[in-house]
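S.K.: Quick one, fold the following:
(2 chains, ligands or ions: 2)
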Amino acid sequence: MPKIIFVSADGVTREVAAGADQSIMQAALAAGVPGIVAECNGAAACATCHCYFDPAYAACVGEIGEQESEMLDFAASERTADSRLSCQVRVMAEMDGMTVRVPALQ
Amino acid sequence: MNRVVIVGAGQAGCSAALKLRALGFSGEIILIGDEPMAPYQRPPLSKAYLLGKTTAEALQIRPLSLYRDQRIELRLGCRVIRVLPHARRIETSTGSLDYDHLVLSIGARPLRLDPAIGGALGNVFTLRSIADVDLIRPVFSAGSRLLVIGGGYVGLEAAAVAAQSGLDVVLVEMADRILKRVACAETAAYFRALHAQHGVRILESTAVRRLDGNGTVARAHLSDDEVLATDLVIVGIGVKPDIALASEAGLKLGNGIEVDVFGRTSIEGIWAAGDCASFPYAGRRIRLESVPHAIDHAETVAANICGAHEPYVATPWFWSDQFDVKLQIAGLNANYDRVVVRRGGRPGAISHWYFGGDTLLAVDAMNDARSYMIAKRLIAAGITPDPKSVADAAIDPGLLLKAYAVSADRKRVSLAGEV
Ligand SMILES: Cc1cc2nc3c(=O)[nH]c(=O)nc-3n(C[C@H](O)[C@H](O)[C@H](O)COP(=O)(O)OP(=O)(O)OC[C@H]3O[C@@H](n4cnc5c(N)ncnc54)[C@H](O)[C@@H]3O)c2cc1C
Ligand code: FES
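M.R.: Ligands and ions are numbered 1, 2, ... in the order given. The predicted model follows:
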């Protein structure tokens, strides 16, 4: 199981063993990582699971969808080139050691 | 003793329990539910789960281990039968239990078709729980003839999934159009056309007079005298809060369990949240049936049990998936007097903006997340854009957002330590 490192806005770090058929959002919620709200439970409808992904892992994080991109433009915390909706990113074995930063606001 | 007992292990119950812990409540938390499953998401029941694209386990809101870690005691398959407010005690199917605070998050029950007109026949289903869908799935196969009764979101989603699964689908709606209770004529027209494209036959201004068959439904007799051969029926005619428990306890009722702005019922120590509760909103009393509301309402109740004295300010929103269309709704459209149509940036993207007098009340956005996100912010901040610029696809309503401080609607601050 790949280990993902979640870093909250105030710098607190948590290492989470993520399951293979989960999304990053699910892995975070299952481990009780604070700061991810996920009101729509992964339906790509709420933009409250916004996270910043380590660009070094861009290849396994994959492409952003159109709907997802539109929502991120107006997410509660600033969108950057590393922004994704964590419910739309699947956990992959290659993500072992990847850092995911959780924004201050959802 | 310092014990919160939560009755109803659904979305609201789960959110209340987690929030109590996140806020540092250190006493006992007991979450009781009559279903055998730990709290799960209902929205996928009429979408991915009915389509067979996800498992029951994947629907769980949190894994069982998290309740253990958070010291939340789950009592599943346990039904609360009576509340004795003076003794601060409840009686359940497995014994009685004392509480300091009681949270009622018992949801709502689907309305059924009267047995006198065939509602009790085999293969006539409602769609509210995993158990319901598990009954539907074995007969939900390509080539079967499905009749959906009710043109609300649950009925339309079920019809969409059925059409995608190769069933032959007819949907009947008694009112003169689908989505009559919840959306404008423009949104109804959009979804009517979408369903027609996919072969769903929608009959409006049509009621089902009677279902018949030999033990199992075989025919539907419609108000226009048509007789439809049918293999299964899904009844999606709305839900009603189950008030028996609350009524016997002496709680004030009115369109569900009445609570004040803090989530308190009429009896000290008893709170209610989610689908079962009616609460004050903009000078009236409403009930909302949606996941975001269940979460927010329950979290406010949890905060108030911890002494926050925080009023609940609902910011209603909802979504629905049908075929390849994602509908996102922000606001409440009650008492609108006109609808402004806005074309979105992508092919097929469109949004309908509801105005009441000079106020933007709500928006339905179809495959148009951008308009949805902007509208949601505007509504939360109480800002009404000029309807003319809304209608003009060339004007970016994102510009309107610049008019107010970014922090205006930041209700949801994610505090460290919050789950
Ligand atoms: C098919 C379907 C699709 C939906 N789609 C969407 C959607 O796309 N978006 C959206 O926002 N919302 C959607 N909803 C609505 C949303 O699921 C509900 O608003 C939400 O689940 C309400 O949460 P709740 O906790 O108030 O009630 P529930 O989730 O209904 O939980 C209440 C629980 O209490 C239990 N209970 C009741 N009485 C007792 C008792 N006496 N003792 C013990 N347990 C008891 C019930 O069995 C139930 O498990 C959908 C609902 C359905 C049914
Ligand atoms: S959980 Fe709602 S968009 Fe990801």
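
S.K.: all helices for the chain, in order.
M.R.: Here I'm looking at chain A. Using DSSP state H, the helices of chain A run over A:24-30, A:58-61, A:66-72.

S.K.: Hmm, no, I was thinking of chain B.
M.R.: Ranges of helices in chain B, per DSSP H, are B:11-22, B:56-59, B:64-69, B:130-136, B:153-164, B:185-197, B:244-249, B:291-305, B:369-381, B:387-391, B:398-401.

S.K.: related to what we said a few turns ago, and residue B:48, which of the helices of chain A is closest to it?
M.R.: helix A:24-30 (13.9 Å; CB to CB). In this view, the C-beta of every residue, glycine as well, is placed from N, C-alpha and C.

S.K.: CA atoms only: put that closest one into PDB for me.
M.R.: Taking C-alpha atoms only, helix A:24-30 is exported to PDB below (Å, rounded to 0.1, in the frame of the first residue of the first chain):
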ATOM      1  CA  ILE A  24      -6.900  10.300  -2.600                       C
ATOM      2  CA  MET A  25     -10.000  12.000  -0.900                       C
ATOM      3  CA  GLN A  26     -11.200   8.600   0.400                       C
ATOM      4  CA  ALA A  27      -7.700   7.700   1.700                       C
ATOM      5  CA  ALA A  28      -7.600  11.000   3.600                       C
ATOM      6  CA  LEU A  29     -11.000  10.700   5.100                       C
ATOM      7  CA  ALA A  30     -10.500   7.100   6.100                       C
END
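
S.K.: okay, now residue B:168: neighbour count?
M.R.: Each residue near residue B:168 was counted by other CB atoms under 10 Å in any protein chain shown, and the total is 18.

S.K.: How much space separates it from residue B:231?
M.R.: Separation of residue B:168 from residue B:231 (CB to CB, to the nearest Å): 9 Å.

S.K.: returning to what we had before: closest to residue A:82 out of the helices of chain A?
M.R.: Of the helices of chain A, nearest to residue A:82 by CB to CB is helix A:58-61, at 8.5 Å.

S.K.: what comes up buried for that closest one?
M.R.: The neighbour-count check on helix A:58-61 (16 or more other CB atoms under 10 Å in any protein chain shown) flags residue A:61 as buried.

S.K.: and it, how far out from the chain's middle?
M.R.: On the basis of CA atoms, centre = their mean, to the nearest Å, helix A:58-61 sits 12 Å off its chain's mean C-alpha point.

S.K.: Can you tell me which of the helices of chain B is nearest to chain A?
M.R.: With CB to the nearest CB as the measure, helix B:369-381 is the member of these nearest chain A (3.6 Å).

S.K.: now for that closest one, which elements pack on it?
M.R.: helix A:66-72, strand B:325-331, strand B:350-356, strand B:359-366, helix B:398-401 (3 or more CB pairs under 8 Å, 6 or more residues apart in numbering or on different chains; DSSP states H and E).

S.K.: so can I have TSV of those showing distance to residue B:59 and mean neighbour count?
M.R.: Shown next, in TSV, are these (distance: least, CB to CB, whole Å; neighbours: other CB atoms under 10 Å in any protein chain shown):
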stretch	distance to residue B:59	mean neighbour count
helix A:66-72	22	19
strand B:325-331	19	24
strand B:350-356	30	24
strand B:359-366	26	24
helix B:398-401	35	16
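
S.K.: Ligand 2 is nearest to which of the ones you listed?
M.R.: With respect to ligand 2, and counting by CB to the nearest ligand atom, the nearest of the helices and strands packed on helix B:369-381 is helix A:66-72 at 6.8 Å.

S.K.: returning to what we had before: in terms of mean pLDDT, which of the helices of chain B ranks lowest?
M.R.: Note on these: lowest mean pLDDT is at helix B:398-401, with a mean of 68.

S.K.: okay if I get the helices of chain A as JSON lines plus distance to chain B?
M.R.: Shown next, in JSON lines, are the helices of chain A (distance: least, CB to the nearest CB, whole Å):
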{"stretch": "helix A:24-30", "distance to chain B": "5"}
{"stretch": "helix A:58-61", "distance to chain B": "20"}
{"stretch": "helix A:66-72", "distance to chain B": "4"}
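
S.K.: can you put the ones you listed in CSV and add distance to residue B:293?
M.R.: Output for those, formatted as CSV (distance: least, CB to CB, whole Å):
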stretch, distance to residue B:293
helix A:24-30, 19
helix A:58-61, 32
helix A:66-72, 20
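
S.K.: Out of these, the one nearest ligand 1 is which?
M.R.: From the helices of chain A, taking CB to the nearest ligand atom, the stretch that ends up closest is helix A:66-72, at 15.2 Å.

S.K.: From the contact counts, what lies against that closest one?
M.R.: strand A:83-85, helix B:369-381.

S.K.: circling back to that earlier point, what do residue B:168 and residue B:231 both touch?
M.R.: Taking CB atoms under 8 Å, 6 or more residues apart in numbering or on different chains as the contact rule, residue B:168 and residue B:231 both touch B:144-146.

S.K.: what residues does stretch B:253-270 touch?
M.R.: Contacts for stretch B:253-270 (CB under 8 Å, 6+ apart): B:83, B:85, B:88, B:99-104, B:108, B:241, B:243, B:246-247, B:249-252, B:271-273, B:275-280, B:285-287, B:297, B:300-301, B:304, B:309-312.

S.K.: quick one: low-confidence parts of chain B?
M.R.: Counting by pLDDT under 70, chain B shows low-confidence ranges at B:1, B:397, B:399-419.

S.K.: Show me what from it comes close to ligand 1.
M.R.: Counting by CB under 6 Å from any ligand atom, the residues of chain B close to ligand 1 are B:7-13, B:32-35, B:42-43, B:45-46, B:79-80, B:105-107, B:127-128, B:154, B:242, B:245, B:274-276, B:289-292, B:294, B:318-320.

S.K.: Just the buried residues of those.
M.R.: For those, a burial check counting by 16+ other CB under 10 Å picks out B:7-13, B:32-35, B:42-43, B:45-46, B:80, B:105-107, B:127-128, B:154, B:242, B:245, B:274-276, B:289-292, B:294, B:318-320.

S.K.: Identify the residues contacting the residue most central in space within chain A.
M.R.: By CA atoms, centre = their mean, chain A has its centre lying nearest to residue A:86, at 3.0 Å. Residues in contact with residue A:86 (CB under 8 Å, 6+ apart) are A:23-25, A:28, A:36, A:49-51, A:100.

S.K.: Which positions within stretch A:95-104 qualify as buried?
M.R.: A:95, A:98, A:100-104.

S.K.: again, but for stretch B:195-205
M.R.: By 16+ other CB under 10 Å, the buried positions in stretch B:195-205 come out as B:195, B:200, B:202-204.

S.K.: who touches that stretch?
M.R.: For stretch B:195-205, contacts defined as CB under 8 Å, 6+ apart pick out B:151, B:156, B:159-160, B:162-164, B:169-178, B:192, B:222, B:224, B:322-323.
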